[in-house]
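J.: what follows is a predicted structure for the sequence shown.
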Amino acid sequence: MEKYSLTKKLGSGSFGCVWQAVNKHSGEVVAIKALKKSYSREKCLNLREVKCLRKLNHPNFVKVKELIVEKGNVLFVFECMQCNLYQLMEAKKQKQQLFSESAVKAWLFQVFRGLDYVHQQGYFHRDLKPENLLVSQGTIKIADFGLAREIDAFPPYTERVGTRWYQAPEILFKSGLYSSKVDMWAMGAIMAELLLFRPLFQGTDEADQMYKICSVLGSPTMNSWADGLRQAMAINYQFPQLSGVNLSALMPSASEDAINLIESLCSWDPCKRPTAAEALQHPFFKRCLYVPPHLRSTPAVAATRRGMLKQQGDRIDAEALPYPKIVKQLSPLDIMTAVQQNSAAGRKGQQSLANKAIAANRQPMGQMKLPSMKAGVQWNAESRDWFLGPFQNLEPGRIYNEKFG
């Protein structure tokens, strides 16, 4: 820790505290997360988040630079992003502006790329929300893999995951029977919020959350979610009988393709929601050039009528295409040039019953002290042993979930 100089606190929560710091040698600004709980080196290596991030590596994931373990204290050093999507929305609200659909498209395109990768690697996130999508210079990255689980793990999974406003209806049933499609529901809710500038489903508790979903989508039927109706009957639950609303009326500035994608992502039946790879092929992203990793055939270089088509990873060199000028004009990734850095006070009212007890016993930010680290066990990115999950950019007044199984 002697090589880092702390500059300010970014926030705190039930897990610990996040600090902004500067590397004294390189001048690089980083974010350091100090956990409240103590772990031995062995236990640290067995944390689910550690195992997940040891396996995952993608340009749209927040990068872990270093892990420090000393005398039971655990510090994670991450790249420091400018802000998160929620902070960007608050900054726009202050100026009474909305995001352009092209900006929303560019962000979602990158997030779906990251999700496609993580799902193909056998994990799902389970806690996607605007606060966990961090932005710097037009690049967006998924953060906080503390609730990530293996797709092939045997259900039932834990009932209390994620943040209520972005929870899929199957999670609200608390049966523990759900899949990676909960990530797709969350993305539909996030997409709507980016266009609407308020949460699409803003429930005050689990029952009200289901009511809010029914009021927007309409109550489920045997055609839209037969399995859900059977689950409801099994626990003697009756869905509110509501007709729903037209999303186009809620978001009049959104395109037909945008509305269609949101409706698809927020389908009652998880089986009817698209995968991340399928979402990338939706007409909403028709101007984006992307080939999901598991669908790529081939050679790094392929011939075209006008020369060579250069493919590096998931990007295609537009100059090699038959009409490079047109392609460049249409690519949404060329649209974003900068990101505002303003942050705003956190929003309230998102506290679940479980979180009320957690918040009551939470240690105040002012009492959090960063442990001194002069010697101990240390891993870093340069040695290829970086492996812990990204930090969560916390905001005052916002309630964050405890991490459950």
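T.: It's in. The shown structure was predicted, so the numbers you read here are calculated from the model rather than taken from an experiment.
J.: now do the contacts for L250.
T.: In this structure, L250 makes contact with A192, L196, L200, V216, judged by Cβ atoms under 8 Å, 6 or more residues apart in numbering. Every residue, glycine included, has its C-beta placed from N, CA and C.
J.: make it 7 Å
T.: Contact criterion Cβ atoms under 7 Å, 6 or more residues apart in numbering gives L196 as the residues in contact with L250.
J.: so it versus G203, what's the distance?
T.: Counting by Cβ to Cβ, to the nearest Å, the gap between L250 and G203 amounts to 16 Å.
J.: same question, Y4
T.: 41 Å.
J.: got it, and C44?
T.: According to Cβ to Cβ, C44 and G203 sit 36 Å apart.
J.: I'd like the next helix or strand past whichever strand or helix holds V50.
T.: Using DSSP states H and E, the secondary-structure element containing V50 is helix 48-55. For helix 48-55, the following helix or strand on the C-terminal side (DSSP H and E) is strand 64-70.
J.: now the element after that next one, going C-ward?
T.: Sequence order places strand 73-79 as the next helix or strand after strand 64-70, per DSSP H and E.
J.: what mean pLDDT does that next one have?
T.: For strand 73-79, mean pLDDT is 86.
J.: that strand - contacts with which helices or strands?
T.: Packed against strand 73-79 by the contact rule (3 or more Cβ pairs under 7 Å, 6 or more residues apart in numbering; DSSP states H and E) you find strand 29-35, strand 64-70.
J.: which neighbours in the sheet does the following helix or strand past it have, and how are they oriented?
T.: Heading C-terminal from strand 73-79, the first helix or strand you meet, by DSSP H and E, is strand 83-84. According to DSSP bridges, strand 83-84 has the following sheet partners: strand 133-136 (antiparallel).
J.: which parts of the partner strand are buried?
T.: L133, L134, V135 (16 or more other Cβ atoms under 10 Å).
J.: between those residues, which is nearest E79?
T.: Each of the buried residues of strand 133-136 was scored against E79 by Cβ to Cβ, and L134 proved nearest at 9.1 Å.
J.: not counting sequence-adjacent ones, nearest residue to the closest one?
T.: M81 (3.7 Å; Cβ to Cβ, 6 or more residues apart in numbering).
J.: my read: the one you found touches T139, true?
T.: No - look at M81 against T139 with Cβ atoms under 7 Å: they stay out of range, at 8.5 Å.
J.: out of these two, which sits in the more crowded spot?
T.: When M81 and T139 are compared on other Cβ atoms under 10 Å, the one with more neighbours turns out to be M81, at 22 against 17.
J.: quick one, phi/psi of the more buried one?
T.: The phi and psi values for M81, taken as degrees, to the nearest 10, are phi -90, psi 160.
J.: let the chain start at 527 from now.
T.: Got it, the first residue is 527 from now on, which makes the last one we talked about M607.
J.: dump the residue contacts of it.
T.: Under the criterion of Cβ under 7 Å, 6+ apart, the contact partners of M607 comprise V588, L660, V661, S662, K667.
J.: for the fourth one, give the beta-bridge partners.
T.: Spelled out, it's S662. When bridges are called by DSSP bridges, S662 pairs up with T665.
J.: any weak-confidence spans in the stretch 627-776 of the chain?
T.: Along the stretch 627-776 of the chain, the model assigns pLDDT under 70 to residues 679-688, 701-702.
J.: where do the helices of it begin and end?
T.: Counting by DSSP state H, counting those that start in this stretch, the stretch 627-776 of the chain forms helices over residues 627-646, 695-698, 707-722, 732-743, 748-760, 773-776, given from the N-terminal end onward.
J.: distance to K812 added to these, as CSV?
T.: Compiled in CSV, those are given as follows (distance: least, Cβ to Cβ, whole Å):
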stretch, distance to K812
helix 627-646, 10
helix 695-698, 29
helix 707-722, 16
helix 732-743, 25
helix 748-760, 27
helix 773-776, 19
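J.: mind checking which of those helices is nearest L791?
T.: Shortest distance between L791 and the helices of the stretch 627-776 of the chain, using Cβ to Cβ, is found for helix 707-722: 2.9 Å.
J.: now do the closest one and helix 732-743, the angle between them.
T.: With axes from the mean of the first three to the mean of the last three Cα atoms, to 10 degrees as the criterion, the two stretches helix 707-722 and helix 732-743 enclose an angle of 60 degrees.
J.: which residues touch the spatially closest residue to W691 that is not a sequence neighbour?
T.: On the basis of Cβ to Cβ, 6+ apart, the spatially nearest residue to W691 that is not a chain neighbour turns out to be P725, at 4.5 Å. P725 makes contact with W691, A715, E719, according to Cβ under 7 Å, 6+ apart.
J.: my read: the last one touches L726, true?
T.: So the one you mean is E719. Yes - because the distance of 6.1 Å satisfies Cβ under 7 Å, E719 is recorded as touching L726.
J.: ok, back up a step: for the contacts of P725, pick the one with the most neighbours.
T.: Neighbour counts for these peak at A715, which has 25 neighbours (criterion: other Cβ under 10 Å).
J.: contact partners for it?
T.: For A715, the contact set (Cβ under 7 Å, 6+ apart) comprises W691, Y692, P725, L726, F727, C792.
J.: element containing the residue lying closest to L536 once chain neighbours are set aside, please.
T.: In space, L536 comes closest to V544 once its chain neighbours are excluded; the distance is 4.3 Å by Cβ to Cβ, 6+ apart. Assigning secondary structure by DSSP H and E places V544 in strand 542-549.
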